[in-house]
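Student: based on what follows, work out the 3D shape:
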Amino acid sequence: MQGWLQIIVFCLVFTAIVPLLGGYMARVFTGERVFLSPVVGPLERLTYRVLRVDTTVSQGWKAYAGSLLVFSGLFWLFLYLVLRTQTLHPWNHQDFHSGTWDVTFNTVSSFITNTNWQYYGGETTMSFFSQMAGLAVQNFVSAAVGIVVAIALIRGIANRRQGAAGLGNFWQDLTRALLYVLLPISIVGSIVLVSQGVVQDLGGWGPVASQEIIKELGTNGGGFFNVNSAMPFENGSGLSNFVEMLAIICIPASLTYTYGRMVGSRRQGWTIFGAMFALFAVSTIVVYLGEMHGTAAQHAAGVAGANLEGKEVRFGTAGSALWTAVTTVTSTGAVNAAFESLTSVGSIVPFANLAYGESVFGGVGTGLYTMLLYVLLAVFIGGLMVGRTPEYLGKKLEAREVKLIVLGLLATPLTVLIAGALATGTKYGAPSVYASGPQGFSESLYAYLSQANNNGSAFAGYTGYFQPTAGNLGAHGITFADLLGGLSMMFARFTPMVFTLAVAGVMLKKRVAPAGLGTMRTDTPTFGGLLVGTVVLIGALTFFPAILLGPAVQSLTSHLF
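Tutor: Residues are numbered from 1 along each chain as shown. Alright, predicted model coming up:
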């Protein structure tokens, strides 16, 4: 009961945060005055003057997307330069050299796309300068990019004025996301983490707390240390574990309320939140029930009780199971336990959560705009089922936007399946796989599920980097895995963003028709059920056969060994 109570309290706390933080973000992105305005306002205006940004210009979807891609491309080049020049860095007390070019390509692509997939151990590879000026900075800006795309889509859906000029100004939205949302919460959060034993210095173990909070808050993931948030220096106590989980989920969950406020119907936001919460609750219950009982191998060895293999005993089964659900329904990927050591039933949950495609809370911004695409698709399907013209908030859904929605939703699954097939069906992927049989297939499939969904968590065993050993003194990257993973991360990150902004641009120009007797309501539990069914059905149809070949087969055969 203690474990269930911990899960219930966590759900109550983050649900209570939703209207507070969500309402605050709605005021920030609609330009209203907030309590931080006297402090942050002058810095915001200075930023616009330095960048020469005219905030009165509202960009169309093409200009907005162009600004986003140029901004991300410039930061890709900057981060690559930082990581390839480590021998020149200050605060490089251990004299780390730069990684190989292919591992660096994968790492840069990973942090640019909010994935933080890591083929290296942070404490044995990265200088403190790389951690701060490179990775931590990118954790802020990649998270902000995700948020502003969601805000642009909201504006496109919410617009009621004919002849609206555009979706807003990318540079203004980005600045506000950084200065009003991510930076203030990170400052407070890092102080809380330091009070719980998370280290923060430049001479010993490094600036961990400042990077830890933004990696969770921005749903970036990754870890300053190789063992991630199971490391006491990254996650010092039960309270810090609770706080870090809250940081992971608070912005994605709260953006549903932001949406409700900005479209003028809070019920719309709560309906989307309810659908997300239902899928999150199911995944949490399943993984906790799975980990409450040991594996078949443990039973055969006479080990009774919960499965604590690969878990940090400070957090126990409940704290680890809850974290597993939180980090995989979002695009975070930070872990406090080894996914490789989950039971066969428990391991299905990370696969299923990633199969939803960042729609169950998801990453900051990415989760909301992905779910809104599902909302529009559910409206279209519902309209076909009852023989009515599909409308959402008074705007008719027609062929053009439906095609864009489908392309936006299918880009990531297609990336996963193609990359997974190349990794498992060709000789080039073999050096990356450690295990054989269904376990090896699971490791490979999950690697590309995680990278394409910008999650970053992993099943141990799949690698793109060989560390020096006694018999192999030269570390080197596995170029195939590094390049395939990096390209998968970038394609699956930016392609859906462009399609989402295209949908926003189309919705912006649509005329609003008054609701009639035949209009399907989208703020009811019935529609919430249709939305859940749409997400599950598409995820099941896309990935169910592949999951059957991995964790499902392993579950069915585990009792034979």
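
Student: check contacts around the residue nearest in space to the middle of the chain.
Tutor: Taking C-alpha atoms, centre = their mean, the centroid of the chain lies closest to residue 331, which sits 1.7 Å from it. By C-beta atoms under 8 Å, 6 or more residues apart in numbering, residue 331 lies in contact with 114-115, 219, 221, 358, 362-363, 366-367, 453-456. To be clear about C-beta, it is placed using only N, CA and C from the backbone, and glycine gets the same treatment.

Student: which parts of the chain are strands?
Tutor: 391-392, 395-396, 465-466, 476-477 (DSSP state E).

Student: one step back: for the contacts of residue 331, which one is nearest residue 32?
Tutor: residue 367 (23.9 Å; C-beta to C-beta).

Student: low pLDDT regions in this protein?
Tutor: The model of the chain has pLDDT under 70 over residues 465-477, 516-518, 551-552, 554-561.

Student: which helix in it has the most residues?
Tutor: Criterion DSSP state H: the longest helix present in the chain is helix 479-509.

Student: now it: how far from the chain's centre is it?
Tutor: Put simply, helix 479-509 sits 14 Å off its chain's centre (C-alpha atoms, centre = their mean, to the nearest Å).

Student: try stretch 303-310
Tutor: Computed by C-alpha atoms, centre = their mean, the chain-centroid distance of stretch 303-310 equals 29 Å.

Student: would you map the helices across the stretch 401-550 of the chain?
Tutor: 437-452, 479-509, 525-547 (DSSP state H, counting those that start in this stretch).

Student: looking at those, which is buried most?
Tutor: helix 437-452 (a mean of 25; mean count of other C-beta atoms under 10 Å).

Student: how much space between the spatially closest residue to residue 521 that is not a sequence neighbour and residue 495?
Tutor: The spatial neighbour of residue 521 that comes closest, neighbours along the chain excluded (C-beta to C-beta, 6 or more residues apart in numbering), is residue 527 at 6.4 Å. Distance of residue 527 to residue 495, given as C-beta to C-beta, to the nearest Å: 28 Å.

Student: do the same with residue 522
Tutor: Taken as C-beta to C-beta, the span from residue 522 to residue 495 is 27 Å.

Student: the longest helix of the chain vs helix 437-452, what angle?
Tutor: 50 degrees (axes from the mean of the first three to the mean of the last three C-alpha atoms, to 10 degrees).

Student: and helix 479-509, what other elements does it pack with?
Tutor: Under the contact definition 3 or more C-beta pairs under 8 Å, 6 or more residues apart in numbering; DSSP states H and E, helix 479-509 sits against helix 61-83, helix 101-112, helix 137-158, helix 366-386, helix 399-425, helix 437-452.

Student: what's the angle between it and helix 399-425?
Tutor: 170 degrees.

Student: how many residues are close by the closest residue to residue 500 other than its chain neighbours?
Tutor: Using C-beta to C-beta, 6+ apart and skipping residues adjacent in sequence, the residue nearest residue 500 is residue 369, 4.9 Å away. Residue 369: 31 surrounding residues under other C-beta atoms under 10 Å.

Student: now residue 137
Tutor: 18.

Student: and the one 5 residues further on, by the same measure?
Tutor: Here the neighbour count serves as a burial measure; for residue 142 (other C-beta under 10 Å) it reads 25.

Student: what do you get for the one 10 residues further on?
Tutor: The burial count assigned to residue 152 is 31, neighbours taken as other C-beta under 10 Å.

Student: what sits against it?
Tutor: Going by C-beta under 8 Å, 6+ apart, residue 152 touches 61, 64, 167-168, 170, 173, 500-501, 504.

Student: could those residues go into a markdown table alongside distance to residue 486?
Tutor: A markdown table is the format used below for those (distance: C-beta to C-beta, whole Å):
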| residue | distance to residue 486 |
| --- | --- |
| 61 | 27 |
| 64 | 25 |
| 167 | 29 |
| 168 | 30 |
| 170 | 24 |
| 173 | 27 |
| 500 | 22 |
| 501 | 23 |
| 504 | 27 |
